[in-house]
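*Asks:* Can you look at this prediction? I've put the sequence above it.
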Amino acid sequence: MKVLLAAIILVLLPLAVLKLCYAISTVFVLRKTKGALFVSTSRAKIKAILEALPLSPETRLADLGCGDGRFLRAAFKRYGVKGVGFEINPWAYFLARLWNFLGRVPVEVRRKNFLQEDLSRYDVVFCYLFPDLLLELAPKLREELRPGAVVVSANFPLPGWEPYLVLHVGDPIYFYRKT
């Protein structure tokens, strides 16, 4: 009985610590993220997006609110793109850096607020953000991105932009081109 109890504690304690880290990180950034939680983009959505985007190793890719960095890693593995991710949630940032290190994936993840960054250098911008944050982001992208730059928004449309493509992988994925 004691062995069983010890085994249960050895399994549940690390899980509880991980959940606590997630909760504390979420509370820490809740005001900045406007209630958005760290939710990973599904593999099916990432695959569909990467199949629809013409990327190359020279593509300058930004992932705004990159979470654990899985979209950046997938773009690197498929096309050799060395993208840049922006993430303010400490737990998601830690996970992204850890998975990039363990996978030896040379993508950069910055613990910075993308709304305070100059996005003009990027050819493709990916985001999976809540509508109220997209409301702030839409004019920034219109002002800063160069003509021809592509914006991909998972689940929610970019206010004031007209998509050139909408894929449905469970929820919609919107593709926009800056004119």
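*Replies:* That came through fine. Computed from a predicted model, the values in this text were never measured in an experiment.
*Asks:* What are the phi and psi values at the residue most central in space within the chain?
*Replies:* For the chain, the residue lying nearest the average C-alpha position, counting by Cα atoms, centre = their mean, turns out to be Cys66 (2.5 Å). Torsion angles at Cys66 (phi, psi; degrees, to the nearest 10) stand at phi -70, psi -10.
*Asks:* Equivalent analysis for the one 4 residues further on, please.
*Replies:* Its backbone dihedrals place Arg70 at phi -60, psi -30, with angles given as degrees, to the nearest 10.
*Asks:* surely it meets Lys45?
*Replies:* No. With contact defined as Cβ atoms under 8 Å, Arg70 does not reach Lys45; the gap is 10.2 Å. All C-beta spots, glycine's among them, are computed from the backbone N, C-alpha and C.
*Asks:* Tell me, how many residues neighbour Pro57?
*Replies:* Pro57: 9 surrounding residues under other Cβ atoms under 10 Å.
*Asks:* how about low-confidence regions in this structure?
*Replies:* Filtered on pLDDT under 70, the chain yields the residue ranges 1, 3-38.
*Asks:* Adjacent strands (with direction) for the biggest strand by length in it?
*Replies:* Identified as the longest strand of the chain according to DSSP state E is strand 171-177. The strands beside strand 171-177 in its sheet (DSSP bridges) come out as strand 150-154 (antiparallel), strand 165-169 (antiparallel).
*Asks:* what's the first one in contact with?
*Replies:* Right, the one you point to is strand 150-154. Outside strand 150-154, the residues that touch it by Cβ atoms under 8 Å, 6 or more residues apart in numbering are 41, 45, 49, 53, 123-129, 134, 141, 145, 158, 161, 171, 173-178.
*Asks:* could you redo the last one with a cut-off of 7 Å?
*Replies:* Strand 150-154 is contacted from outside by 41, 45, 49, 53, 123-128, 134, 141, 158, 173-177, using Cβ atoms under 7 Å, 6 or more residues apart in numbering.
*Asks:* do the last one as well
*Replies:* Outside strand 165-169, the residues within contact range by Cβ under 7 Å, 6+ apart are 44-45, 48, 52, 172-175.
*Asks:* Dump those residues into TSV; add neighbour count and distance to Thr59 as well.
*Replies:* Below are the contacts of strand 165-169 laid out as TSV (neighbours: other Cβ atoms under 10 Å; distance: Cβ to Cβ, whole Å):
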residue	neighbour count	distance to Thr59
Ala44	10	22
Lys45	21	19
Ala48	17	17
Ala52	13	14
Pro172	15	23
Ile173	23	18
Tyr174	21	19
Phe175	18	15
